[in-house]
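Trainee: Quick one, fold the following:
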Amino acid sequence: MKTTCIHTVSYGRALSAAAACRCFLIMFLVLTAGAVHAQIVYSDYSDPDVCEGTDGDYWMTASSFQCTPGLPILHSTDLTHWTLVNYAMPRLKPYCHYDTIQHGCGVWAPSIRRHRDTYYIYYGDPDYGVYMIKTTDPRSGWSEPHLVMEGKGVIDTCPLFDDDGRVYLVNAWANSRAGFNSVLTIRELSADGMHAVSQPVMVYDGQPDGNHTIEGPKLYKRDGYYYILAPAGGVAQGWQVALRSRNIYGPYEQRIVYDQPGIHQGGWVDDAFICFQEVQPYGRILHRLDVGMRDGWPMMKAHKAPTPRLEYASRYLPYQWHANYQDVFGFPTSDGMRVYGHRYTEFGSMWNIPNLYLRKFDQPTFVDTLRTTITAKGTGQESGFIVMGRDYVRLSVELVGTEFVISEARCQNADQGGSETRTRLATLPTRTYEAGARRNYECSVDFRIECKAGGMCHLSYSTDHRRFIPLSTPFQAREGMWIGAKYGVFSISDSNSRGWIDLRL
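Mentor: Reported below is the predicted structural model:
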């Protein structure tokens, strides 16, 4: 079942000079990159990793940071066309920490591997350590996250189940937590992969070779060699490095196997390398490179293929909460999702609201209409539509007295404490009905986003499903912390009495 999103390519109204320049630059980078690399998913699936399935198919996961459900599971039969079919992790551990929003924390650069008939995902949380989950069916339930080892700064983890039954784990290090980076270490795990049984050994320091900021390692064994594939040089201008050794702990030889800038970490399976490129505000979109062995090295080159569209196995899968899901956030309904008002004691901005129900941009240009019904019981309850990032815009429907008022609120640099600028737009048609001790107030609003090239968003709303009233000024979407811009619905309240918004999917 598909979502109600309708995608079109459209380039309409004139933009301001500054906005036009930014859009041109973004599209120039996208188009020139597209001439070299095959884009396979134009959506924010950062730090992808892939493995072959039991049926000759393929499975992929990616970073989800603080958003839940986390660890997206994507499926393909050809390594080019992908469908989002599941999430491996409903909530992040430790629960008490991630029940409040923790921008840019959580799941960093996971790896997915199949050992015999079991699938494993390992991921590093830079503040807590390395976790592992597993299943025999990626479409079904996964185990609870198991803490393999505690640690701070351990990131970008990848296991290797060796031929002799031993298990190893490679990882990089986050300078923001550990105080150093640019090195890769390997340690041994127990035979079941559940615990570390040795201290880490540094197997590569990228700095003497000029491979600074080496990270995102993936560990493989082929034809008697241990291989580590890892990007160096940073996200924007980096390159792909291969390391190889006959011994798991080295010494490792190194070679640059792909030197086109801007293509970052990913996973190697069969003759393909699935990797990402950062294209803001869309986030980290996915590409495919071809891999061919040359003198024992996995050399990479551009793959020529059309740009397919990401599919969704159900109407709910495109959406995630902005923090650990809690029951009071809301519930699925027969035709969509109900989101209840998050109670705040002091409103700063939407940056700190955890129950935002959002989806990623999944095409460079698109149109999507979100049909909603908004209910409130008293003044101070607001619900509506939001395009979220470090800058954001929202259309807020608030009960004022006995009428709903729609306002436009914009915030720049929300991540740095920026405040909202708010403009009242109109009074909306309001219905009432008795609901026990208090009367409920209700209105129906359709919100439309038309995303143009470079993430320039034209927003409008309608109360009759036909005539849409546009905002006077378009909004330039901006990425969040380690994630691309997202859009969806919200509901907030300054009292114990909560209103809600029903989103039809």
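Trainee: buried stuff in stretch 362-378?
Mentor: Buried residues in stretch 362-378, counted by 16 or more other C-beta atoms under 10 Å: 362-378. All C-beta spots, glycine's among them, are computed from the backbone N, C-alpha and C.
Trainee: Please apply the same query to stretch 495-505.
Mentor: Arg498, Gly499, Trp500, Ile501, Asp502, Leu503, Arg504, Leu505.
Trainee: now do stretch 323-343
Mentor: Ala323, Asn324, Tyr325, Phe329, Gly330, Gly336, Met337, Arg338, Val339, Tyr340, Gly341, His342.
Trainee: How are the strands of the stretch 51-200 of the chain distributed by residue range?
Mentor: All strands of the stretch 51-200 of the chain, identified by DSSP state E, counting those that start in this stretch, fall at 58-61, 70-76, 83-89, 108-115, 118-125, 129-135, 146-150, 154-161, 167-173, 183-189.
Trainee: any chance of those in CSV, with mean neighbour count, mean pLDDT and distance to Glu479 too?
Mentor: Shown next, in CSV, are those (neighbours: other C-beta atoms under 10 Å; pLDDT from 0 to 100; distance: least, C-beta to C-beta, whole Å):
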stretch, mean neighbour count, mean pLDDT, distance to Glu479
strand 58-61, 26, 98, 21
strand 70-76, 24, 98, 18
strand 83-89, 21, 98, 20
strand 108-115, 24, 98, 16
strand 118-125, 24, 98, 21
strand 129-135, 20, 98, 26
strand 146-150, 17, 97, 30
strand 154-161, 25, 98, 20
strand 167-173, 25, 98, 22
strand 183-189, 21, 98, 28
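Trainee: Tabulate the ones you listed (a markdown table), appending distance to Val387.
Mentor: Below are the strands of the stretch 51-200 of the chain laid out as a markdown table (distance: least, C-beta to C-beta, whole Å):
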| stretch | distance to Val387 |
| --- | --- |
| strand 58-61 | 26 |
| strand 70-76 | 21 |
| strand 83-89 | 21 |
| strand 108-115 | 25 |
| strand 118-125 | 28 |
| strand 129-135 | 31 |
| strand 146-150 | 36 |
| strand 154-161 | 29 |
| strand 167-173 | 33 |
| strand 183-189 | 38 |
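Trainee: What residues does Trp142 make contact with?
Mentor: Leu71, Ala88, Met89, Ile121, Ile133, Lys134, Thr135 (C-beta atoms under 8 Å, 6 or more residues apart in numbering).
Trainee: ok, those vs Arg431, which is closest?
Mentor: Set against Arg431, the nearest of these by C-beta to C-beta is Met89 (39.8 Å).
Trainee: The closest one and Gln39: what is the separation?
Mentor: Going from Met89 to Gln39 by C-beta to C-beta, to the nearest Å gives 27 Å.
Trainee: go on, Leu184?
Mentor: 28 Å.
Trainee: Can you list the low-confidence ranges for the chain?
Mentor: Judged by pLDDT under 70, the chain has its weakly predicted residues at 1-37.
Trainee: 90 instead, please
Mentor: By pLDDT under 90, the weakly predicted segments of the chain are 1-38, 304-309, 345-346, 379-380, 434-438, 495-497.
Trainee: Please identify the buried residues of the lengthiest strand in it?
Mentor: Looking across the chain with DSSP state E, the single longest strand is strand 438-451. For strand 438-451, the neighbour count (16+ other C-beta under 10 Å) marks Asn440, Tyr441, Glu442, Cys443, Ser444, Val445, Asp446, Phe447, Arg448, Ile449, Glu450, Cys451 as buried.
Trainee: Next, the angle from the helix or strand where Ala426 lies to strand 438-451.
Mentor: Secondary structure assignment for Ala426, by DSSP states H and E: strand 420-428. For strand 420-428 against strand 438-451, the angle between stretch directions is 110 degrees (axes from the mean of the first three to the mean of the last three C-alpha atoms, to 10 degrees).
Trainee: so what secondary structure elements neighbour strand 420-428?
Mentor: strand 392-400, strand 403-411 (3 or more C-beta pairs under 8 Å, 6 or more residues apart in numbering; DSSP states H and E).
Trainee: List the neighbouring strands of that strand plus their orientation.
Mentor: strand 403-411 (antiparallel) (DSSP bridges).
Trainee: CA atoms of the strand it pairs with as PDB?
Mentor: Presented in PDB, the C-alpha positions along strand 403-411 are these (Å, rounded to 0.1, in the frame of the first residue of the first chain):
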ATOM      1  CA  GLU A 403     -12.400  29.700  17.200                       C
ATOM      2  CA  PHE A 404      -9.400  28.100  15.500                       C
ATOM      3  CA  VAL A 405      -6.800  30.500  14.200                       C
ATOM      4  CA  ILE A 406      -4.100  29.500  11.800                       C
ATOM      5  CA  SER A 407      -0.700  31.100  12.000                       C
ATOM      6  CA  GLU A 408       2.700  30.800  10.300                       C
ATOM      7  CA  ALA A 409       5.700  30.500  12.500                       C
ATOM      8  CA  ARG A 410       9.300  30.600  11.300                       C
ATOM      9  CA  CYS A 411      12.500  30.000  13.200                       C
END
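Trainee: how far is that strand from where the chain is centred?
Mentor: For strand 403-411, the separation from the chain centroid amounts to 28 Å (computed by C-alpha atoms, centre = their mean, to the nearest Å).
Trainee: That one versus strand 392-400: what angle between them?
Mentor: Using the same axes, to 10 degrees: strand 403-411 against strand 392-400 is 160 degrees.
Trainee: start at 19 instead
Mentor: In the new numbering, first residue 19, that becomes strand 421-429.
Trainee: what does strand 421-429 rub up against?
Mentor: Against strand 421-429 from outside (C-beta under 8 Å, 6+ apart): 367-369, 392, 394, 402, 409-417, 436-448, 459, 461, 463, 479, 489, 493.
Trainee: and the residues you listed, which are buried?
Mentor: Neighbour-count burial (16+ other C-beta under 10 Å) is assigned, among those, to 367-369, 392, 394, 402, 409-417, 436, 438, 443, 446, 448, 459, 461, 463, 479, 489, 493.
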